[in-house]
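Peer 1: sequence unknown, structure follows:
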């Protein structure tokens, strides 16, 4: 018997809400349990996303241009990252990066498959709910020391993402959603959410995050026709956020590093009262604004005044930029070879190490322009070229990251994925809810130009899901079920989940610090040089030939890794084979001038002296412990 239209409509709603609930659940897990840049959460969070995407393929959707370009570029990038294992200077790191990219393919596919079943308004409401939970927890963890004890060391707001700039990115992405909720849906909660987003961004001390939040708000105001209402809500919420931040600056337990627990607890409850009080004030203000009608004449006057103010501010900003351009550029490009301070006064400074890292990445790209050095290998590039004892794993510029690690091919695939997502965002701008989500996608890809977002599933996972929702064709579900396709997809998802689990299992085995643990780690992850060197450490006395074989395998796997060469050199030194020790240790120094081999009066100096009976002028005076000895 055929179901009646109301029954079919109810079934369609349930059929759309269940996938949406799954997408919300996996995004929630990524936001709150992503574990910063750890690989451990990738196993279960990524596995959930991939299996969910496979199950949703039971009822596939029709894809148009933006979705095909987005998914095709992202999937192609994941495949090419995997192919770069062949020439990678660090296959183990390449495997990890490939796994991350596969997880993001799963999130993007979930977004596309769910987006075909939801209206953009439903998706925006879900995003607003997740953002509200995120901001609420972030601010609560600042007020209650027990929820995040590490604020006693460093005050920059970062829970639950683990990295301040990623928390700022999610807040920037939420600005358009909050404005849509407050202005289009006329909900007081939207203004309160926007207030929380502004305050959270400021407490992260993210300079680009503050600028990007303002840019998203400006884009919304320009693209949505309710400009007066948007200006009023943004002024109200931003004013409240700035006010709460001003109070926070006066509370050492909130914004100062290295504060004892009792200071943070005392200032925490004061700050909590301030946050709640200003949230109530913003809510009351939003309620008043919601009940006030705006006639055409008043709207025209306000828009004219806002336009004049914007022009004046833009002119003033341009004048200030021109006046201080030289100083700012010098400060940005000359960081002083020190780690940039994470204190609150950084908001007024242009100092950053990024320029140095970008130069290092470009240098590596010019050496390997077609395929790069292998996905995820910038850390070795940085070790070889760094000018200060600070190690970073990415150049803090995602497009440049793929250019240096995967060459022109990987870079083109990344641009294809970004282009498809941005094309879909621009195409959907006339729908206010789609505009809000599209601005989140645009903020995501703009932010990638200045940070290492790819390492954080907590931000990339949900935002790739949003990008998929924006790229999806609403109502394009195919009625015919394809159980075999879904079953095959589940099998592939489980295989990828094993790929995610293997490095994690290897890390757990390695952490035991035993010979059995090293063997087991190598069996899980045969590309891990850490497992090989630990295994060699246990065999160097009982079975030296086997230990040497393990160390040579490690050097062969990562020939530009200073640590693998150092371990080999230390092994030769233990056997008194000083010439071989010097060659290996000198290679270690070549690949890292701040590593173990660079230690004054260290093993490299000893090997040079004993192998060649030569010491640089003043060495023996500086290092009285060194003694000449013939290697023959």
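Peer 2: Okay, I see it. This structure is a prediction, so every number in the text was calculated from the model and none was measured. Numbers count the residues shown, from 1 in each chain.
Peer 1: what sits up against the helix or strand that contains residue 51?
Peer 2: With secondary structure defined by DSSP states H and E, residue 51 is part of helix 47-56. Outside helix 47-56, the residues within contact range by CB atoms under 8 Å, 6 or more residues apart in numbering are 19, 22-23, 25-26, 29-30, 102-103, 106-107, 109-110, 113-114, 461, 486, 489-490, 492-494, 496-497, 500-501. For the C-beta atoms, the positions are set from N, CA and C on the backbone; glycine is no exception.
Peer 1: state the number of residues packed around the spatially closest residue to residue 116 that is not a sequence neighbour.
Peer 2: Distances taken as CB to CB, 6 or more residues apart in numbering put residue 61 closest to residue 116, at 4.1 Å, once the chain neighbours are dropped. Neighbours of residue 61 under the rule other CB atoms under 10 Å: 20.
Peer 1: for beta bridges, what are the partners of residue 61?
Peer 2: Beta-bridge partners of residue 61, counted by DSSP bridges, are residue 477.
Peer 1: number the chain from 895, please
Peer 2: Sure, I'll start counting at 895 from here, so that last one is residue 955.
Peer 1: isn't it up against residue 1363?
Peer 2: No - assessed by CB atoms under 8 Å, residue 955 is found out of contact with residue 1363, at 11.6 Å.
Peer 1: shared neighbours of the two, anything?
Peer 2: What both residue 955 and residue 1363 touch, as defined by CB under 8 Å, 6+ apart, is the set residue 1006.
Peer 1: so this protein: which segments form each domain?
Peer 2: Per the record, the chain has its domains at 907-1377, 1407-1516, by automatic domain parsing.
Peer 1: among these, which is nearest residue 1400?
Peer 2: Ranking the domains of the chain by proximity to residue 1400 (CB to CB) places domain 1407-1516 first, at 3.5 Å.
Peer 1: the closest one: how far from the chain's middle?
Peer 2: With CA atoms, centre = their mean, to the nearest Å as the basis, domain 1407-1516 stands 33 Å off its chain's centre.
Peer 1: quote the end-to-end distance of it.
Peer 2: End-to-end distance of domain 1407-1516 (CA to CA, to the nearest Å): 36 Å.
Peer 1: tell me what the host helix or strand of residue 965 is packed against?
Peer 2: Element membership of residue 965, judged by DSSP H and E, is helix 959-977. Under the contact definition 3 or more CB pairs under 8 Å, 6 or more residues apart in numbering; DSSP states H and E, helix 959-977 sits against helix 985-1009, helix 1292-1321, helix 1351-1365.
Peer 1: hmm, who's touching that helix?
Peer 2: Identification of contacts with helix 959-977 by CB under 8 Å, 6+ apart yields 957, 988, 991-992, 995-996, 998-999, 1002-1003, 1006, 1269-1270, 1296, 1300, 1303-1304, 1307-1315, 1317-1318, 1321, 1358, 1361-1362, 1365-1367.
Peer 1: next one: stretch 1192-1201
Peer 2: Here stretch 1192-1201 has contacts from 1115, 1121, 1122, 1125, 1188, using CB under 8 Å, 6+ apart.
Peer 1: give me the buried positions along it.
Peer 2: Of all the residues in stretch 1192-1201, those buried under the rule 16 or more other CB atoms under 10 Å are 1196, 1200.
Peer 1: what is the mean pLDDT for it?
Peer 2: The average pLDDT within stretch 1192-1201 is 73.
Peer 1: how close does the closest residue in space to residue 1070 that isn't next to it in sequence get to residue 1111?
Peer 2: In space, residue 1070 comes closest to residue 1333 once its chain neighbours are excluded; the distance is 3.5 Å by CB to CB, 6+ apart. Look at residue 1333 and residue 1111: by CB to CB, to the nearest Å, they are 9 Å apart.
Peer 1: anything in contact with each of these two?
Peer 2: Counting by CB under 8 Å, 6+ apart, the common neighbours of residue 1333 and residue 1111 are 1069, 1070.
Peer 1: if I pick the residue nearest the centre of the chain, what's in contact with it?
Peer 2: Geometric centre of the chain, nearest residue: residue 1347, 2.5 Å, by CA atoms, centre = their mean. For residue 1347, the contacting residues are 1060, 1063, 1292, 1338, 1341, 1353, 1354, by CB under 8 Å, 6+ apart.
Peer 1: name the member of the residues you listed with the most neighbours.
Peer 2: residue 1063 (33 neighbours).
Peer 1: in this structure it contacts residue 1338, no?
Peer 2: Yes - Residue 1063 lies in contact with residue 1338 (CB under 8 Å); the separation is 6.9 Å.
Peer 1: so what's in contact with the two at the same time?
Peer 2: 1347, 1353, 1357.
Peer 1: wait, which of these is closest to residue 1475?
Peer 2: When these are compared against residue 1475 (criterion: CB to CB), the nearest one is residue 1347, at 41.9 Å.
Peer 1: measure that closest one to residue 1367 for me?
Peer 2: Taken as CB to CB, the span from residue 1347 to residue 1367 is 27 Å.
Peer 1: give me the angle between the helix holding residue 945 and helix 1351-1365.
Peer 2: 20 degrees (axes from the mean of the first three to the mean of the last three CA atoms, to 10 degrees).
Peer 1: quick one on the thing from earlier: check the residue nearest to the centre of the chain and give its pLDDT.
Peer 2: 94.
Peer 1: for it, give its distance to residue 1308.
Peer 2: As for residue 1347, its distance to residue 1308 is 12 Å (criterion: CB to CB).
Peer 1: overlap of the contact sets of these two?
Peer 2: Taking CB under 8 Å, 6+ apart as the contact rule, the neighbours common to residue 1347 and residue 1308 are residue 1292.
Peer 1: so where's the protein uncertain?
Peer 2: By pLDDT under 70, the low-scoring segments of the chain are 895-910, 954, 1185, 1189-1190, 1211-1212, 1214-1215, 1217-1245, 1369-1376, 1521-1526.
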